[in-house]
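Engineer: My questions are about this predicted structure, shown below with the sequence.
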Amino acid sequence: MNNIERGFLACLMLRPESLIPASTDVRQEYFESPDAGSIFGAISDLYADGKPIDEVTIVERLRTNGTLALVGGAVAVSGVRGDTYTTAGFDEYKRLILRDYRVSRIRRAAEQIALRANEPIDDASELSDYAARVVFDAIGDEDESAPKHISESVGDVAREIHAFVSGEGRSVLIPTGVHGIDNIIGGVAPGQMIILAARPSVGKSALATLFAENFAIDSGAPVIIFSLEMPASAIVKRMIFGRACVKQDIYRNGGLRTKDLAMIAEVGEELSKAGIVIDDSSTLTLSRLRTIARTMVKKHKAKVIIVDYLQLMDGDGNRESRQVEVSRISRGLKSIARDLNVAVIALSQLNRQVEHREDQMPKLADLRESGSLEQDADIVMLLQRQTLPPKTEDDQDRRGEAIIAIAKHRNGPTGSCKLSFHQEYCRYSDYLPD
């Protein structure tokens, strides 16, 4: 056993009542030396059982566990207790033990990746995904996915309910900022996968962009946007002109006024401080998305991921039917939402069937290429807006109206609400009747 481990154990034996509760983030397997790990395990067991902790009880517990001879006998335990360490160094000893354990995990991860890289590989994305997973597992919280006794979950739920009733826990839901939608779903929650679907040119991207602004600016929730269709500059331009209520055609025609420029500058400054990251790579695989998302969550505490849009993503692995590929992407996005504890909003196309209905109102069955989207999603939003040339006066009147249906809501009510679409800004808002 090294000096760091000896110092840490000596501190626990000197002041067990105050220092053992401060050691809950250390586990037996964190010790480099099995001897030190066994002694720590004995001390922890005694504390959990409410027994006194001294040389005699530790030796007896090691004997009961059958590990006394392995640690070197009673002499080894006495040697640790007799070392001239002081409790002043406890925090530093603990920090070094945690550091060395994490370094060893990363080193083992690197070795695993090197071994895998030397094997025959058909698809480089498989190796990339494997490497990202191994590294993330090495640096992540090893307890996150451990099975829980139901009592732990009951306790978690009780605390959540208490916090919600007292008003402290309502911030778990991140409002979309569109009141009609929030009145139905309350907002998006960590771990949820949300599908926002519509036919082309209805305004999926415009609504998702509005969500991103509201998440980042109004709620302070950092957002990652994966845009496969629009470059970052086009997204930011849409945000700036829409938020400033300045028509882009005036800008293109050289007709901006002084007050327009002032509003654009003000909004630009506001957006530059917002927690929004945009990845506009035209090719995006599930493994690349997962790798970037993990980094952004760890570095920037990202809370929401927006993918625009799902059918443009490439699946990892061998090429199969598009339906199978979309199913794999859907399951992957759901896994990312749960593993990283973020809300994932995936935009999706609807099939042409909706255009043959008289009211053109989409249904869950219209989700394109895969029924797994409906199955995997916690919330499905279906957006409908009059985009075809108006046939009647009523159609003309409804040009600025849209309907968004919450067609699936795993943990709450469904319903629909009206939105207003401002064509001149390519921007949605709460419904504003004429």
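Structural biologist: Great, that's in hand. Numbering: from 1, shown residues only.

Engineer: Show me what the helix or strand that contains residue 37 is packed against.
Structural biologist: Following DSSP states H and E, one finds residue 37 within helix 34-48. In terms of contacts (3 or more C-beta pairs under 8 Å, 6 or more residues apart in numbering; DSSP states H and E), helix 34-48 is packed against helix 3-14, helix 55-65, helix 68-71, helix 73-82. C-beta coordinates here come from the backbone N, C-alpha and C atoms, glycine included.

Engineer: For residue 377, find the nearest of those.
Structural biologist: Nearest to residue 377, of all those, is helix 3-14, at 47.6 Å by C-beta to C-beta.

Engineer: how about low-confidence regions in the stretch 51-200 of the chain?
Structural biologist: Applying pLDDT under 70 to the stretch 51-200 of the chain picks out residues 82-84, 123, 125, 136-156, 159-171.

Engineer: which residues in it form strands?
Structural biologist: For the stretch 51-200 of the chain, strands defined by DSSP state E, counting those that start in this stretch occupy the ranges 193-198.

Engineer: in it, which spans are helices?
Structural biologist: 55-65, 68-71, 73-82, 90-117, 124-139, 150-166, 179-185 (DSSP state H, counting those that start in this stretch).

Engineer: Quick check: which of those helices is nearest to residue 228?
Structural biologist: helix 124-139 (16.1 Å).

Engineer: Now render the helices of the stretch 51-200 of the chain as JSON lines, adding mean neighbour count and distance to residue 314.
Structural biologist: Listed next are the helices of the stretch 51-200 of the chain as JSON lines, based on neighbours: other C-beta atoms under 10 Å; distance: least, C-beta to C-beta, whole Å:
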{"stretch": "helix 55-65", "mean neighbour count": "17", "distance to residue 314": "52"}
{"stretch": "helix 68-71", "mean neighbour count": "17", "distance to residue 314": "52"}
{"stretch": "helix 73-82", "mean neighbour count": "16", "distance to residue 314": "56"}
{"stretch": "helix 90-117", "mean neighbour count": "15", "distance to residue 314": "22"}
{"stretch": "helix 124-139", "mean neighbour count": "16", "distance to residue 314": "8"}
{"stretch": "helix 150-166", "mean neighbour count": "11", "distance to residue 314": "37"}
{"stretch": "helix 179-185", "mean neighbour count": "18", "distance to residue 314": "30"}
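
Engineer: May I ask you to confirm that residue 2 is in contact with residue 33?
Structural biologist: Yes - assessed by C-beta atoms under 8 Å, residue 2 is found in contact with residue 33 at 6.7 Å.

Engineer: Three-state assignment for residue 421, please.
Structural biologist: strand (DSSP: H, G, I helix; E, B strand; the rest coil).

Engineer: Next: residue 428.
Structural biologist: Going by three-state DSSP: residue 428 is strand.

Engineer: That one: what's it in contact with?
Structural biologist: 178, 203, 206, 207, 210, 402, 419, 420, 421, 422 (C-beta atoms under 8 Å, 6 or more residues apart in numbering).
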